[in-house]
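*Asks:* no sequence for this one, just the structure:
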């Protein structure tokens, strides 16, 4: 992995012929101002110096501690938690760095409330999940149901990946029932190349090595079905993942926006029964992944795959780095622990 501060000399050492291009790329953000009275060679030198200084000032150093850095994107404040909380807990348990990013604020994701109060509530829910998992969390202030694959959003995601200095990036596949999920997938696909392009978002230096981009599991078949390239047992962290589903109360205990729920449990007995219903449903859901990909589990766990009760599965996006199986074992360094 590359420390972010080590990339600043890349800017300072750029050839004069590229300085104007680099400065032009900053026009969207903070193009250095140079007086028209200064000669061209001096202008170029000043622009280079100011640009490098601006980049250095805007970067928080990323710890170069030899640990993996994983960033997961979800369309809403619950998507990362449902699809990757297990592996996040396993990575975090080994001291690796994980961040969940919700690309919208979830402000229409409930049958009874909406707007700012719901957005604040759902942000608090995923922050609680982050505490449970031992990771970081961020929610972008984009309206639920309105995520679009715009240039502005592509820049935002590119910056987030670079700032995290990611080894692994996760997201939805772009063929999905929900427009926010589809567009999230498109945005991450677009970023899969742009994160290493020097003069795209030049205010944040490019990654020196393209991350491995992974998709979450889904069941959609057209135009192509999900392919389980990596399947991980989450039996040892299942209770943490179930605790996250409990923390996401607005979505599961209360039913979210389209579950058919129209009233909430009233008595303590009804509330307890509802909580148990939600937990049992998710236990079955996470077990179905293990059953669905039992053969793929055997590729990672051998005969022990038969004993795996719950799992998470991921597909390698062909637009990022294409890791070997040996590299995948380094990126998922807990197969031998299960």
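*Replies:* The structure has been received and is ready for your questions. What you see is a predicted model; the values in this text were computed from it and never measured.
*Asks:* now do the buried residues in the lengthiest helix in the chain.
*Replies:* Counting residues, the longest helix found in the chain (DSSP state H) is helix 268-292. The neighbour-count check on helix 268-292 (16 or more other C-beta atoms under 10 Å) flags 274, 278, 282, 283, 286, 287, 289, 290, 292 as buried. All C-beta atoms are positioned from the backbone trio N, CA, C, and that covers glycine.
*Asks:* give me the three-state assignment for residue 302.
*Replies:* The local conformation at residue 302, judged by DSSP: H, G, I helix; E, B strand; the rest coil, is helix.
*Asks:* need the max-distance pair from the buried residues of helix 268-292.
*Replies:* By the measure C-beta to C-beta, 274 and 292 form the most distant pair in the buried residues of helix 268-292, at 27.2 Å.
*Asks:* which stretches of the stretch 201-338 of the chain have low pLDDT?
*Replies:* Under the criterion pLDDT under 70, the flagged ranges of the stretch 201-338 of the chain are 336-338.
*Asks:* now the strands: where do they sit in it?
*Replies:* With strands called from DSSP state E, counting those that start in this stretch, the stretch 201-338 of the chain shows them at 212-216, 230-233, 311-316.
*Asks:* turn the ones you listed into JSON lines, columns for distance to residue 147 and mean neighbour count.
*Replies:* As requested, these are exported to JSON lines (distance: least, C-beta to C-beta, whole Å; neighbours: other C-beta atoms under 10 Å):
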{"stretch": "strand 212-216", "distance to residue 147": "16", "mean neighbour count": "24"}
{"stretch": "strand 230-233", "distance to residue 147": "26", "mean neighbour count": "24"}
{"stretch": "strand 311-316", "distance to residue 147": "21", "mean neighbour count": "23"}
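*Asks:* please identify which of those is closest to residue 263.
*Replies:* Short answer: strand 212-216, nearest of these by C-beta to C-beta, at 31.7 Å.
*Asks:* partner strands of the closest one, parallel or antiparallel?
*Replies:* strand 168-171 (parallel), strand 311-316 (antiparallel) (DSSP bridges).
*Asks:* now those strands in CSV, with distance to residue 155?
*Replies:* What follows is those, written out as CSV (distance: least, C-beta to C-beta, whole Å):
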stretch, distance to residue 155
strand 168-171, 16
strand 311-316, 25
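*Asks:* wait, isn't residue 87 in contact with residue 312?
*Replies:* Yes. Taking C-beta atoms under 8 Å as the definition, residue 87 is a contact partner of residue 312 at 5.7 Å.
*Asks:* need the overlap of contacts for the two.
*Replies:* Applying C-beta atoms under 8 Å, 6 or more residues apart in numbering, one finds that residue 87 and residue 312 are jointly contacted by 232, 234.
*Asks:* for the residue nearest to the spatial centre of the chain, give me its contacts.
*Replies:* A centroid search over the chain (C-alpha atoms, centre = their mean) returns residue 72, at 1.7 Å, as the residue closest to the centre. Counting by C-beta under 8 Å, 6+ apart, residue 72 makes contact with 80, 83, 84, 88, 98, 99, 100, 101, 169, 170, 171.
*Asks:* which helix or strand contains the first one?
*Replies:* Which is residue 80. In the assignment (DSSP states H and E), residue 80 maps to helix 79-93.
*Asks:* after that helix comes which helix or strand?
*Replies:* Helix 79-93 is succeeded, C-terminally, by strand 97-102 (DSSP H and E).
*Asks:* tell me what the helix or strand following that next one is packed against?
*Replies:* Sequence order places helix 115-133 as the next helix or strand after strand 97-102, per DSSP H and E. Using 3 or more C-beta pairs under 8 Å, 6 or more residues apart in numbering; DSSP states H and E as the contact test, the elements touching helix 115-133 are helix 79-93, strand 97-102, strand 136-139, helix 238-247.
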